[in-house]
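In: coordinates only, sequence not included:
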């Protein structure tokens, strides 16, 4: 382990402002959602909006400070390891977040839906809705008056397959970009990173098309029973992560245009690439367990 | 723990390095700080405030239960009190106290200059006051605060929850963000900032237990975020995760919740194991018996915690194979736990024991935590749990592991390390007085709950059948003794932290480890150049 001194930053105003923004976001979201469900109006959306503005201000300011410290040569190799470990554990926490939703999906498929249909050890629950047939995907819910099931499902071999190809290709292109960065080929780096972003935006575009199709033609919505719930929560959170990842990659591209990163020192780029591979792997899980099987 | 011989470069002249200076002045010091000691202090003070607020709620509950019938509060408010008491004690008192201790002690114990990511450290702390402001403000909202118990089972919390549930959900989200960032920081500090020579198997046990706890936090806090998000969607967007009418399942809630919840209870006890494993060797003046087995035991407990969650749900209607699996997996935990208790006792065996306040709390921890562990073993037996489930026996069990377990562990740690933080020795007589009052109070409060529980008194109700009256009034008296005796603690730390006798660097004559090589109070920056550990 290094014996050189470790960089301990001076006092910083960013954390407390970031905490304020999370407080505003939480309180504003609470008010907004409650007013939405109760059908009234509230100042919630303004508090929520203020929270977002403060959050953006913090993200800009905090990252600007960190980048200039890094460029100022304040960070040792040991600091670099702290950042790397931090990012890896953060991605692990994200994996566990998705695991909760995948777990829910597996549980309803394997246990609760068959039980409601009268199969298995707890099949007695079929007496709640006699005549309910367990199928997966669940097209007819136990109580169709309350939760109308989907009419049709998304065909995995059209848009989702295309999206799989797009996302896996983007993992390849970002790896090419990373190698170009390490070898110092700036033009190649810009090109392949830009290609990654184009693929990402194409993915998001098709995802939106799919959602519109699901809501307008297929009757597949958040309210269409447990299939719709797991479908939209899993693909929705994934889409949200892809959006974040795309923004991160775009920022990386801007920094590269600005002349940032050297073949040896480019942790931000690597972190972005790790994150991108993570959303890619989650998608493969989604494609298999939500769309195909 | 291996004996640590140190070469001391610590208090070097502070003038050559721009980062070496004392704390900033005024409120800004606390708002903008990046210093692990400042942040540790803030966590501990925050936790103490929450402990007192949550404690007041417990006293409301015990006052109402002093005799049968409804005396003081409405049943609706009683439910809010049980819920808020649980949430505040778990997320506001116990967890932040351990993070505070980690902040203060881990860098000093491993010879690090600070935490790995000091600004994120400040952020982790300052989220908490906002989160708990939101949670506490729900008491004033229309429909009242959350009233479904700290486990917030669906559909109580979804279909039948008050409007403040939405605020509760977002509050949980941001305190989860705080916990995850705090845990990442602790792991990165331990894995990356150890002084040269401080190998993993030389680390003090408190550091080891926190390394494993941090892993648990990163693994399960996101699952908690997931389950409250599903609740949010069920409440506001018409999904049917926990509604069987749409093909979901209320039991799914319990599975996801307890997948978080069981590791969570170990998050609240493992650091206490670490503290006790520091204190007992000091006052027995012997090395910790079986250091490697202690490390492996903690690691096994942590891994097992992922496969025992459904023992909280034996009566919910699981397949038989599930009941049996979760029953035996749970009993398996008794093995590593037994290893730990054995090692603590073996450490004391033929030691030159003295009984200062930290040691008293540590000893009470060993005895009373074991009682809680044994009642846990009883609850793990599925067929027997059919009788105990949701009775006061469960309340007695988890209060034995949390109050004389986690909370005594924290207090032992505070009494043990406070002289290092403030430079002043606490008043021993007051400390012992506090200990004995707490010890007696805790047992008067929680021991009778075993009896009323076995006799069938259900938990979370404001009124009860007459035959439970005597034991309940005894428990209430105990609760007030315990509650009031905490004021001695508050007085002792606030008063003697300023005017108490000056402490030496080593403070306790049996103490070993890096943190005892720096002066008391510890300078604002310690180990800006890593010490050498042989």
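Out: Arrived safely. Only a predicted model underlies this, so the values are computations on that prediction, with no experimental measurement involved.

In: Report the contact partners of residue A:140.
Out: Residues near residue A:140 by CB atoms under 8 Å, 6 or more residues apart in numbering or on different chains: A:132-133, A:149. Any C-beta I mention is one placed from the backbone N, CA and C, and that applies to glycine too.

In: In chain B, what residue comes closest to chain A?
Out: residue B:226 (2.8 Å; CB to the nearest CB).

In: and that residue, helix, strand or coil?
Out: helix (DSSP: H, G, I helix; E, B strand; the rest coil).

In: do you know how far it is from residue A:154?
Out: The gap separating residue B:226 from residue A:154 is 23 Å, by CB to CB, to the nearest Å.

In: Quick check on those two: which one has the bigger neighbour count.
Out: The neighbour comparison of residue B:226 against residue A:154 (other CB atoms under 10 Å in any protein chain shown) goes to residue B:226, with 26 against 20.

In: Check whether that one really touches residue A:95, as I assumed.
Out: No - using CB atoms under 8 Å as the test, residue B:226 is too far from residue A:95 to be in contact (11.5 Å).

In: that older thread, give me the element the nearest residue to the residue of chain B closest to chain A once chain neighbours are set aside is part of.
Out: Residue nearest to residue B:226 in three dimensions, not counting chain neighbours: residue A:100, with 2.8 Å by CB to CB, 6 or more residues apart in numbering or on different chains. Counting by DSSP states H and E, the element that carries residue A:100 is helix A:77-107.

In: tell me what that helix is packed against?
Out: helix A:225-257, helix A:267-286, helix B:165-192, helix B:205-236, helix B:250-267 (3 or more CB pairs under 8 Å, 6 or more residues apart in numbering or on different chains; DSSP states H and E).

In: Quick one: closest of these to residue B:54.
Out: helix B:165-192 (14.4 Å; CB to CB).

In: how about the helices and strands packed on helix A:77-107, which one is nearest residue B:512?
Out: Among the helices and strands packed on helix A:77-107, the nearest to residue B:512 by CB to CB is helix B:205-236 (12.2 Å).

In: List, one by one, the residues from the stretch 51-200 of chain A near chain B.
Out: A:62, A:78, A:81-83, A:85-86, A:89-90, A:92-94, A:96-97, A:99-101, A:103-104, A:107-108, A:111-113, A:116, A:120-122, A:125, A:128-129, A:138, A:141-143, A:146-147 (CB under 8 Å from any CB of the partner chain).

In: Now list the buried members of these.
Out: Burial by neighbour count, 16 or more other CB atoms under 10 Å in any protein chain shown: within those this picks out A:62, A:78, A:81-83, A:85-86, A:89-90, A:92-94, A:96-97, A:99-101, A:103-104, A:107-108, A:111-113, A:116, A:120, A:122, A:125, A:129, A:138, A:141-143, A:147.

In: So residue A:242 is in contact with residue A:200, correct?
Out: Yes - counting by CB under 8 Å, residue A:242 does reach residue A:200; the two are 6.3 Å apart.

In: Just give the number of residues close to residue A:208.
Out: 11.

In: Quickly find the element holding it.
Out: Short version, using DSSP H and E: residue A:208 is in helix A:186-213.

In: Can you report how many residues neighbour the closest residue to residue A:174 other than its chain neighbours?
Out: Once flanking residues are discounted, residue A:174 sits nearest to residue A:196: 4.6 Å by CB to CB, 6+ apart. Other residues lying near residue A:196 total 28 when counted by other CB under 10 Å.

In: ditto for residue B:411
Out: Residue B:411, neighbours per other CB under 10 Å, totals 28.

In: List the contacts of it.
Out: B:361, B:438, B:489.

In: taking the residues you listed one by one, which sit in helices?
Out: Among the contacts of residue B:411, the ones falling in helices (DSSP state H) are B:361, B:438, B:489.

In: Wait, the first one touches residue B:410, no?
Out: No - contact between residue B:361 and residue B:410 fails when scored by CB under 8 Å: they sit 9.0 Å apart.

In: between those two, who's got more neighbours?
Out: Counted by other CB under 10 Å, residue B:361 and residue B:410 do not tie: residue B:361 has more neighbours, with 28 against 25.

In: Just send the helices and strands packed on helix A:77-107 back as JSON lines, with mean pLDDT and distance to residue A:47 too.
Out: Conversion of the helices and strands packed on helix A:77-107 to JSON lines gives the following (pLDDT from 0 to 100; distance: least, CB to CB, whole Å):
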{"stretch": "helix A:225-257", "mean pLDDT": "97", "distance to residue A:47": "21"}
{"stretch": "helix A:267-286", "mean pLDDT": "97", "distance to residue A:47": "29"}
{"stretch": "helix B:165-192", "mean pLDDT": "97", "distance to residue A:47": "11"}
{"stretch": "helix B:205-236", "mean pLDDT": "98", "distance to residue A:47": "17"}
{"stretch": "helix B:250-267", "mean pLDDT": "97", "distance to residue A:47": "28"}
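
In: In the helix holding residue A:208, which residues are buried?
Out: A:189-190, A:192-197, A:199-204, A:206-207, A:210-211, A:213.

In: Check stretch B:282-295 too.
Out: Residues of stretch B:282-295 classed as buried by neighbour count (16+ other CB under 10 Å): B:282-284, B:286, B:288-291, B:294-295.

In: Span of it from start to end?
Out: This stretch, stretch B:282-295, spans 18 Å end to end (CA to CA, to the nearest Å).

In: helices and strands around the helix or strand residue B:487 falls within, which ones?
Out: Element membership for residue B:487, per DSSP H and E: helix B:469-499. Packed against helix B:469-499 by the contact rule (3+ CB pairs under 8 Å, 6+ apart) you find helix B:36-64, helix B:408-422, helix B:428-454.

In: now the angle between helix B:469-499 and the first one, please.
Out: Direction vectors for helix B:36-64 and helix B:469-499, defined by axes from the mean of the first three to the mean of the last three CA atoms, to 10 degrees, enclose an angle of 150 degrees.

In: List the contacts of whatever helix or strand comes next after helix B:36-64.
Out: Per DSSP H and E, the first helix or strand lying C-terminal to helix B:36-64 is helix B:75-87. If you take CB under 8 Å, 6+ apart as the criterion, helix B:75-87 is touched by B:54, B:57-58, B:60-61, B:64, B:73, B:135-136, B:139, B:144-152, B:168, B:460, B:462-463.

In: For whatever residue of the stretch 51-200 of chain A ends up closest to chain B, give me its contacts.
Out: Across the stretch 51-200 of chain A, no residue is closer to chain B than residue A:100, which sits at 2.8 Å (CB to the nearest CB). By CB under 8 Å, 6+ apart, the contact set of residue A:100 is B:222-223, B:225-227, B:230, B:256, B:259.
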